[in-house]
Each structure stands twice: as C-alpha cells, then as structure tokens.
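Chemist: Show me the folded form of this:
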Amino acid sequence: MQYHNVMRFLVRKRRTAPTVIIVALVDVLIVLLIFLMVTTTFKQQAALHVQLPESSKALKEGASENPPLVVTIEANGGLRIGPNADAVTLDQLQGRLNDEAKKNPQLKLAVNADKNAPWGQMVKVMDAAKAANIKIISAFTKETGKP
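Modeler: Got it, this is the predicted structure:
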C-alpha cells in the first residue's frame, strides 16, 4: 500500500467585491445639487456704499418684477449706471439711457443717490431720462429708523 502525501486544499469560492453603482450615486448628487441651488438665496450686493435718504414709504426689496435700470449718484456728484456701476459722464449717461429706452420702451429708471449728493446732478439725471422718453423714475430710499 502506498500513500500519497497529497495535501488537499479546500477550494473556497471567491467572493466578488461589492459593486458600487456609480450611476445611482451621481443621481443622488444631482438631486442634492438641485436642492441646494433652489433653496439658496442670492443677495445682490451693492458695489458702492451710499447713504440713502430716509422715507417712511420705502419699497421693500424685490417688490418689482421688472428690475429698473439703476443710476447711482455719488456724494461727490459722480455718475454710475447699470448693474456693474460703470462710471459715466452726463453725455455718456444720456447715450446709455437712449440706447436702453430703445431696447425696452417700458424701461424704469431708479436713482440711487447719496443723501449728500448735489441736487443739480439729480435734476440732470431726471432731464436725461425725460429726453430718453423714460416715464417711470423712482429713487432708492431706506426705511426710517433703519441703519
């Protein structure tokens, strides 16, 4: 009788590594991203700091569906226009107002003037708006008692 020295190894079934379904993870991340985008509010920060005059009848932010074109009059009398607050002269302001009024006949103009700004600049801006046939002109104010 012969004995063979044969070692028998137990054949173990190989376990497959758990698979991660990337598509499902991407779907979850997209849903989270959309949720964050919808729930996040973006507050538009003013590029210039002006001290607004007070008014007890001040309009709340976001009260207008159609945003107006903003002209800023600084305390030293400097003029700026648009969302980027581009510095302009009175002649350049007149040209920009004419161009914007041609694009949008229902254009509204909002004047964001420092309370210490020269009144003459305000009158010149209003004259430029009338020359451009802009009918609705409003002024930014802050509520009485608020900083």
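Chemist: Just give me the longest helix of the protein.
Modeler: When the chain is parsed with DSSP state H, its longest helix is helix 22-39.
Chemist: for it, the distance to its chain's centre please.
Modeler: 23 Å (Cα atoms, centre = their mean, to the nearest Å).
Chemist: contacting residues for His49?
Modeler: Taking Cβ atoms under 8 Å, 6 or more residues apart in numbering, we find His49 in contact with no residue. Using the backbone N, CA and C atoms, a C-beta is placed for each residue, glycine as well.
Chemist: which SS state does it fall under?
Modeler: Secondary structure, DSSP: H, G, I helix; E, B strand; the rest coil: His49 is coil.
Chemist: Let me know the pLDDT of it.
Modeler: Looking at His49, its pLDDT stands at 70.
Chemist: swap in Met7?
Modeler: 61.
Chemist: so what's the backbone phi/psi at Ser138?
Modeler: Reported as degrees, to the nearest 10, the phi and psi values for Ser138 are phi -130, psi 170.
Chemist: er, Gln92 I mean
Modeler: Dihedral angles (degrees, to the nearest 10) for Gln92: phi -60, psi -40.
Chemist: can you give me the helices for the chain?
Modeler: For the chain, the helices defined by DSSP H occupy 22-39, 90-103, 119-131.
Chemist: and those as a markdown table, adding mean neighbour count?
Modeler: Listed next are the helices of the chain as a markdown table, based on neighbours: other Cβ atoms under 10 Å:
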| stretch | mean neighbour count |
| --- | --- |
| helix 22-39 | 9 |
| helix 90-103 | 15 |
| helix 119-131 | 15 |
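Chemist: Kindly state which of these is positioned closest to Ala75.
Modeler: Comparing the helices of the chain against Ala75 with Cβ to Cβ, the closest turns out to be helix 119-131 (10.3 Å).
Chemist: just checking, what packs against that closest one?
Modeler: Helix 119-131 sits against strand 69-73, helix 90-103, strand 108-113, with contacts defined as 3 or more Cβ pairs under 8 Å, 6 or more residues apart in numbering; DSSP states H and E.
Chemist: now it, how far from the chain's geometric center?
Modeler: 27 Å.
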